[in-house]
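J.: quick one, fold the following:
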Amino acid sequence: MTATTQSAAEPAHPLNSVATQEFVTFTIADQLFGIPVLKVQDVLSSYQITRIPLAPPEVMGSLNLRGRVVTAIDMRARLGLPARDDDGESMSIVAEHDGELYSLVVDGVGEVLALSAKTFDRNPPTLGAKFRAVSDGIYRLDGQLLVVLDVNRLLDYGRAVVAAN
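T.: All right, here's what the predicted structure looks like:
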């Protein structure tokens, strides 16, 4: 009889702790992303954004949502992607971070998907560094990769980049 050794099991990832998780899906530059539905406060179609002078490039401005000031973040700029070629309508996903509301401006919002924790994978090494910095992991869907964004890291990411420079 041969003895075999087993490596210590990896710690469970928070997304693997439940059988299924629901995600609001959206696209940015033809890439599919998802945010846990419980992190989403609202989904907006076009909205009047007021520019803020001297704001960082990823801050598009602010908007008024039912009496609250919401900071609009250009997700393309935040993720280091090229600006949109057209002036087509964008959409926003409103999320809360540290008691403040943020409007994540994306190319389009898709559907809510309920995905099994069994199909969740950690970030592959081939995923871009900026995506890995703000991603919890991925789901491989039919012919598409869904990158799961961590809202807290996404909104802290800009602060970390500024502090590092």
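J.: residue ranges with poor pLDDT in the chain?
T.: Residues of the chain that meet the criterion pLDDT under 70 lie in 1-18, 88, 157-165.
J.: and the gap between the residue most central in space within it and Leu79?
T.: The centroid of the chain falls nearest to Leu149 when counting by C-alpha atoms, centre = their mean (3.3 Å). Leu149 sits 9 Å away from Leu79, going by C-beta to C-beta, to the nearest Å. Where you see a C-beta, it was placed from the backbone N, CA and C, and this is true even at glycine.
J.: might one say that Gly110 is in contact with Thr25?
T.: Yes: contact criterion C-beta atoms under 8 Å: Gly110 and Thr25 qualify, at 3.8 Å.
J.: higher neighbour count, those two?
T.: Comparing Gly110 with Thr25 by neighbour count (other C-beta atoms under 10 Å), the higher total belongs to Thr25, at 23 against 16.
J.: Three-state assignment for that one, please.
T.: strand (DSSP: H, G, I helix; E, B strand; the rest coil).
J.: just to revisit the earlier point, what sits in contact with each of Gly110 and Thr25?
T.: Contact criterion C-beta atoms under 8 Å, 6 or more residues apart in numbering; residues shared by Gly110 and Thr25: Leu32.
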